[in-house]
Structure formats: C-alpha cells, structure tokens
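Peer 1: take this sequence and fold it.
(chains A and B)
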Amino acid sequence: MADALLALAFLCSFSGMGWFAVAMKPHWVQARGDSANGEPNSGRLRLLGTIALLASLAACLGADHPSMAFLVWVMTLSASALGVAMTLSYAPRALYWLTRVGRSRDTRRCA
Amino acid sequence: MFSSFRSAMTWVHTWFGLVLGFLLVVIFFFGSLSVFDREIDRWAIPETRFEHQPMPSFDARLRPIFESIQPDPNELAQARERVGTLPEKLRLMNWSAYTTHRDPVLTLYAEYAVPNPSDPDDHVHGHVTIDPRSGKLLQNDRLAIGSAFFYPMHISLHVQWHDLGYWLVGVAALVMLVLLLSGVVIHKKLFREFFTFRAHKHTQRSKLDLHNLTGVVALPFHIMFPLTGLVIFAGIYFPVSQTLLKPLAEKHEQIEAQARGLPHQPSGVAAPLSSVDAMVVEAKRRWAKRGMPGEVGFLQVTHVGDKSGYVSIFRAGSDRVTLVGQAVHFEAATGRVIYEEPPPSAVSGISEFLTGLHLQHFQHWLLRWLYVFGGFSGCICIATGLVFFVGKRKRRHAAEGVHGARWVDALAVATVTGTVIATLGILVANRLLPEGLDQRATWERGAFWACWSMSLVHAVIRSAPVLQARISPAWREQCHAIAGLAVIAVLLNWVTTGDHLGRTLARGYYPVAGLDLALLATAAIALAAARHLRAREATPMPEERDGFSVDTLAVDAADG
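Peer 2: Below is the predicted model of the structure:
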C-alpha cells in the first residue's frame, strides 16, 4: 500500500511539475510540437499543477509518518522538476498529454 | 568596486565557488556514497554479507562479550603520552551498542576512565565487532570502506590534525550556503528558466543551463544539507561547552541528570547488573503503549558495576526521521524504571529532526535514493560551474598565454573524474589484495590516494590543449579509466566471492547487487561521456563555430 502511494506521489508530482512547465509558452510550444498550436491557458495549467502537487503531498502523508512524508515530498518535487526539464530537452512530445487540458479558449475558437 | 549588488554577488559566486568548489564536489560525492555506506561495507567485507539482525539478547550474548573487551592499544599509548604511567586495569565506565535496520554486524563499545588530574573526563575506548547470530568476533582490522572511509572522507576529508578536516568541511558548507544565495541573486530568470535545459545548444549555454537546473531544482536539498551538517558539528565549531563555558555546561549536565534521577557520577560502591533483557521487554511494552512499537536502536549501560549504574534503552528510529528516541532509563542493579523520556520539546524536536534528516538512518529506500539524487545534483552543479569557469576563460587565456584556465581545468579533471577513479581504485584494491596481507586496510587506503594522485598528474600532463582553448583529452581518457575500473570491480567481486549479479539478484541481496548495478551504470555513463567528448574534441570550439559569446550569459556581469 505504501509503495503504491509513493508511486502515486511521484506520478502526481511529475504531472504537477509538468503542468507548471507547459503553463509557460516556450515549454508549451515544445510539448505541442509547433508554435501554431494555440496558447496555453496558464491559469488553468498552474491550478492543475498546484492540485497535483498537493495530491502528491497527500499521497506522501498517506504512506509515511508526517516528518518523513514531508521530506519525501520535497525530494520528489526536486526529482520531478529535473525529470520534466530533461523530458522537455530530449523528448518534449512525451509531455503532450499535459497540454490537452490547458489550451486557451480563445485559441481553441480560432482553431 | 562593483556597479551593482548583482555584480558583487557574481564576484562572490565566481571566486568563492572556484576556491572551494573542488572541495565541495568531494564532500557532496562522498556524502552521496555515504547514504549507502553500510551496503558498501557489505561489498567490501564479504564475510558480513548476511541479513540485518535486531539487537541480540544482552544477558545471554552481549554481556560476556562486553566483559571481554579491552581498551584499544593505540588509545592507551596516546593516554600514556598524556598522563605517564597507567594502572594495569582501568575503571570501566560505560558499555554501549548501536544498530540500525541496515546493520548485519554489531559493534560493541566500552569506555575506560583514565586517571588524569588535569582532565577528570579523560577516557579511552575499546570496541569489538560481532556476528549477532552467533556472537562470534569478527576481524576488526578489515576496512569498512563505506562507513570507515567514505563517510569520514565526507565529514573530515581524513585530515585529522587539530580537527582541520572538520573545519575545512565546515567552511565549505558555509560557503556553499553563500554560493546558493548569491546564485539565486545573480540568476536573472530563475522562474522563467526553471525547467530549461538546452542540451543541444552551445556548449557554454548547455553547461550553464545544467548548472542552474541542478542547482535550482534541488535547492531545498542543497540548502538543508550544508545547514544541518553545520548544526551536527556545531560542538566542534563552537566548542564553548568545552572551553569558556565548561563549568556551566558541567553544572547543566549535573542538574539535568538530577532532574531525571540519573546519577551523574559513580558511587564507588559495587553492585550487580540486573537482567537487561527484562528491561528491554519493559521498554518495548512502554513504546507500544505510546502507539509506537519498535526495536532497540541504542543501548547503553552507564557506570558499569556500580550501585549508581543505570541502563538506557533507546528506540530505533527506522520509521522516523530522528535517529533514536523515546529512551527509558532503568536502575542497573534492580531493573526499576528511573525515568521515561517524555516527547521532546519543540527545540529538541527540531534539533533531532535536523540531525536525523542529515544522518538518515531511517528505513525508507525511496528517500535514500532521492538523497543520492540530491547529492549527485550538487556534484553536477558544482562541477558544471567549474567547467563553465574554464570554458569562459580559456580562449582569452590562450590568446594571452596565461595558464590559469589550464590549471583550473586540470584540477577540475582530478576533482570530478579523479574522485570517481580513486573510489573505484579502493574497491578494486579491496578485491585484489590478498586476504591475509598485513596492514591490508592501509594498502587499500594507499590505493585510493595513489589513484587520486595519478589522476591529478595525468590531468596536468594532458592539459596542454587547454592552452590552445581546446578540450583537455584527460577528461575522455579518465572516463575510459572509470568505465574500465567499474567493470573490473564487478568482475573481481564475482571472481573472489562468487557473488555475481545473477546470484545476488536471485537471492534478493541488494546491498551487493545494488552496488554492482551502480558500478555497471557508472561504466555505461562514463563510456557515453567519453564518446561525447571525443566528438567534441574533433569539432571546433563552439565560440568559433557559431559566434556564441559567453558575454551574453547571465552570470557574466563583472567577474574577470
């Protein structure tokens, strides 16, 4: 159970960091593949990122004693941030799925 | 002198980073290895490759061994230098044993009073290491490479003269904090480039990106570890309780002991020792009652054989960040509970948390690996900083005929790849040296320092291309050496112990399998790096290729 929660914590933390990354236009373009693919709805993406990071904290708290959980969470955030940066550098399209929920309404209408 | 606060911070970041960067790479690297020090010990001492054992019965197994411990001959010789002649039998003060969920073997410690009129607390130690399953004494002269070589390297660089090593590490930790703060100040796009790593851009650009990335994403780790390291050794850096405020500290100790009902001094009246096993049962019952059942982590008998003697039993902190805690103290002669430690105050709780956070004896494999990630991020951050420093200056130095960049580059090679070579060198020596070799541990240490020295000499000899603003081939050649040594270490482990990866993985014995896999991964990364470097050596300098100028970079404000 604890292992599953920690895996979930990692998944949430990676997704959260990913959403924070694609909320920025240059990374949005990297993940979408070309610059003509709409604008990011940064507010929504950051909200999703925040929720995912909080879910990650909740999963850590479910797996461990609070003092330990907090440490695990902080380190998970660091590792996820590096993972997102490396993915953006070497395989940015792997983060495409994160952009599916964060396209700005205006650009969707234009498309 | 400086046009702005940011340019002043750039100067601080550049030059303090250069002076102490070499030391910081070493400290971070061996700190990262120390996360798995017990596992490295198992690799290095094959007869200890068995599962972790809980604290064995004190009455049946540990007590007879404690009674047979003798003071360490080296410490006795040093004590004689301090006080002259020593009595034949020194008064026994304390016995103690500490174990964690990762220790298959158990080391037992004893302290003996040295009659010294100028220092009433003078004492010497004795210790033995046992197999807790049988009580069999294990050889004490085998080098536990993880906990007795890499870990001391992390905390004191093996420089023991006047504790200079601790001081150097302390200064480096303090400077690390300064570097982090100054780095945050001079990083113009901290949030905008939080996830940025342009691996395929100009070399200097990608180096700086990697420097910023590894520094920023693991910033909480990079801040907390130097800080908690300083907190742990605060007693060395501010030894007021042993100097200016010694009388006050002693009085505080006495009052504290009195408040707890724990005798501060022996009475001088002999008394037998009651069953410690019964005390362990009672301590465990009390922990369970507090909703935190657990095993014994630390056990100490104070004033052994005296009427004032007492036994302290601490709970192992495997499931907590703190190392040990929830102590229950018993009267040694009767087994009566004298005092049960209440939950720590806020200040003690924070102190214990900070210490436990750094020393990480908890049972949490994911967090341990995340610590390794944090430590290696620190190494990469500092190493890329050094390489960036060289890259930024070598064309100018080449044009001016200045050797500065060449020397820094050679030192960077010896610090980055050289440290890894030395680490692999000691592992290879550990498996190659004959079992019965006299002073075997000294030879192993010698192999480490010899490898490191050779790496430096090689880096200096091969550094001439830096004078032409090119890459030193020493980087590539030492990467090849790393790959070769790492594979040799794995093969030697197989040949000398029979524990090849197939067997250790099938058995689920991860202390050895994990290190073998890490060595193979190191070899693969080193080979990839060597190939990349060969390609880079064959191409013109990026600055020449596409006109990229480091002057456009954020950190290039005012440093020379």
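Peer 1: OK, contacts around the closest residue to B:P132 other than its chain neighbours?
Peer 2: Spatial nearest neighbour of B:P132, excluding adjacent residues (CB to CB, 6 or more residues apart in numbering or on different chains): B:Q53 at 4.1 Å. Just so you know, the C-beta spots here come from the backbone N, C-alpha and C atoms, and that holds for glycine as well. Taking CB atoms under 8 Å, 6 or more residues apart in numbering or on different chains, we find B:Q53 in contact with B:99, B:103-104, B:106, B:132-133.
Peer 1: mind listing which of those residues are in strands?
Peer 2: Filtering these for membership in strands, criterion DSSP state E, returns B:L106.
Peer 1: which of the contacts of B:Q53 fall in helices?
Peer 2: Of the contacts of B:Q53, none are assigned to helices by DSSP state H.
Peer 1: and which of the contacts of B:Q53 is nearest to B:A79?
Peer 2: B:L106 (26.1 Å; CB to CB).
Peer 1: just checking, that closest one touches B:M55?
Peer 2: Yes. Using CB atoms under 8 Å, B:L106 makes contact with B:M55 at a distance of 7.3 Å.
Peer 1: what touches both of those two?
Peer 2: B:97, B:99, B:132.
Peer 1: can you put these in a markdown table and add neighbour count and pLDDT?
Peer 2: Putting those into a markdown table (neighbours: other CB atoms under 10 Å in any protein chain shown; pLDDT from 0 to 100) gives the following:
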| residue | neighbour count | pLDDT |
| --- | --- | --- |
| B:A97 | 23 | 96 |
| B:T99 | 23 | 90 |
| B:P132 | 21 | 93 |
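Peer 1: tell me the one among those nearest to B:S3.
Peer 2: B:S3 lies nearest to B:T99 out of these, by CB to CB, at 58.1 Å.
Peer 1: so the closest one sits against B:L106, correct?
Peer 2: Yes. If you go by CB under 8 Å, B:T99 and B:L106 touch, sitting 5.6 Å apart.
Peer 1: now do the shared contacts for these two.
Peer 2: Counting by CB under 8 Å, 6+ apart, the contacts common to B:T99 and B:L106 are B:53, B:55, B:132.
Peer 1: interface residues of chain A facing chain B?
Peer 2: A:6, A:17, A:20-21, A:24, A:26-27, A:64-65, A:67-68, A:71-72, A:74-76, A:78-79, A:81-82, A:84-86, A:88-90 (CB under 8 Å from any CB of the partner chain).
Peer 1: whatever residue of the stretch 301-450 of chain B ends up closest to chain A: which element?
Peer 2: Closest contact between the stretch 301-450 of chain B and chain A, by CB to the nearest CB, is at B:L370 (3.7 Å). Taking DSSP states H and E as the definition, B:L370 sits inside helix B:365-400.
Peer 1: can you tell me the element B:Y339 falls in?
Peer 2: Take DSSP H and E as the rule and B:Y339 turns out to sit in strand B:337-340.
Peer 1: so for that strand, what gets flagged as buried?
Peer 2: Going by neighbour count (16 or more other CB atoms under 10 Å in any protein chain shown), the buried part of strand B:337-340 is B:338-340.
Peer 1: Serialize these to TSV and add fields for pLDDT and distance to B:E47.
Peer 2: Below are those laid out as TSV (pLDDT from 0 to 100; distance: CB to CB, whole Å):
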residue	pLDDT	distance to B:E47
B:I338	95	40
B:Y339	94	40
B:E340	94	39
